[in-house]
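K.L.:
sharing a model that was predicted from the sequence below.
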Amino acid sequence: MIDKKALRKITLSARERQQDEDKKQQAGMEVGDKQKHLAEEQRAQEIIRSIPEIARAEAAKGNGYAPIMTLSETGDYDGSKCGYDSHLNSLTVGPEALIGAAKTVFEYCEKAGLQPSVERVFSGYRSHYWNIEICWLDENQEEQGNRRKPWYKKLFEKS
């Protein structure tokens, strides 16, 4: 004969063990998430601390803009929030797609009035990457050597 009480006891014990394991796993994931968040925050703060030096170096070259961060496909933007450029057959990354350290850096630059933008940088045939760039000149001051105009508009400008 089957002992229902014994089966219930075994079942309840197994459920409690599973709940304990789930809690441990969740706690481990939370620790991992906290560590990842802390690493992203440290990375963002390192970039933010380097902005004045980078900007001074670019200003000394006569530039009114400076690339301050190169974006990584694996942790700096969410591909599901990117646009699509049919002319180039590729994603377009905008501020709304930034995550982690990139989002923190971009928001810092906005608050500091540094006119941040996400810019595509071509690095060869059908090859490009994305930078966060800052700008400290207005449009009237930056007519010469302006990298902030879309690449396709630059193609049709008269020299």
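P.N.:
Perfect, I can see it now. Numbers count the residues shown, from 1 in each chain.
K.L.:
show me what the helix or strand residue 39 falls within is packed against.
P.N.:
Using DSSP states H and E, residue 39 falls within helix 4-60. Contacts defined by 3 or more CB pairs under 8 Å, 6 or more residues apart in numbering; DSSP states H and E place helix 4-60 against strand 65-70, helix 100-111. C-betas here are computed from N, CA, C, even on glycine.
K.L.:
show me what contacts residue 118?
P.N.:
Residues near residue 118 by CB atoms under 8 Å, 6 or more residues apart in numbering: 71, 93, 94, 95, 98, 106, 130, 131, 132, 133.
K.L.:
JSON lines for those residues, including distance to residue 83?
P.N.:
As requested, those are exported to JSON lines (distance: CB to CB, whole Å):
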{"residue": "71", "distance to residue 83": "15"}
{"residue": "93", "distance to residue 83": "8"}
{"residue": "94", "distance to residue 83": "6"}
{"residue": "95", "distance to residue 83": "11"}
{"residue": "98", "distance to residue 83": "13"}
{"residue": "106", "distance to residue 83": "16"}
{"residue": "130", "distance to residue 83": "12"}
{"residue": "131", "distance to residue 83": "17"}
{"residue": "132", "distance to residue 83": "17"}
{"residue": "133", "distance to residue 83": "18"}
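K.L.:
my read: residue 121 touches residue 129, true?
P.N.:
Yes: at 5.5 Å, residue 121 counts as touching residue 129 under the criterion of CB atoms under 8 Å.
K.L.:
if we can go back for a sec, can you flag which of the contacts of residue 118 belong to helices?
P.N.:
Judged by DSSP state H, the contacts of residue 118 include residue 106 as members of helices.
K.L.:
filter the contacts of residue 118 to the buried ones?
P.N.:
71, 93, 95, 98, 106, 130, 131, 132, 133 (16 or more other CB atoms under 10 Å).
K.L.:
let's see the pLDDT reported for the third one.
P.N.:
Going back to what we said before, that points to residue 95. pLDDT recorded at residue 95 is 89.
K.L.:
what do you get for the first one?
P.N.:
pLDDT, the model's per-residue confidence, is 92 for residue 71.
K.L.:
OK, contacts around the nearest residue to it once chain neighbours are set aside?
P.N.:
The shortest distance from residue 71 to any residue other than its chain neighbours is 4.2 Å, reached at residue 130 (CB to CB, 6 or more residues apart in numbering). Listed by CB under 8 Å, 6+ apart, the contact partners of residue 130 are 70, 71, 77, 93, 118, 119, 120, 121.
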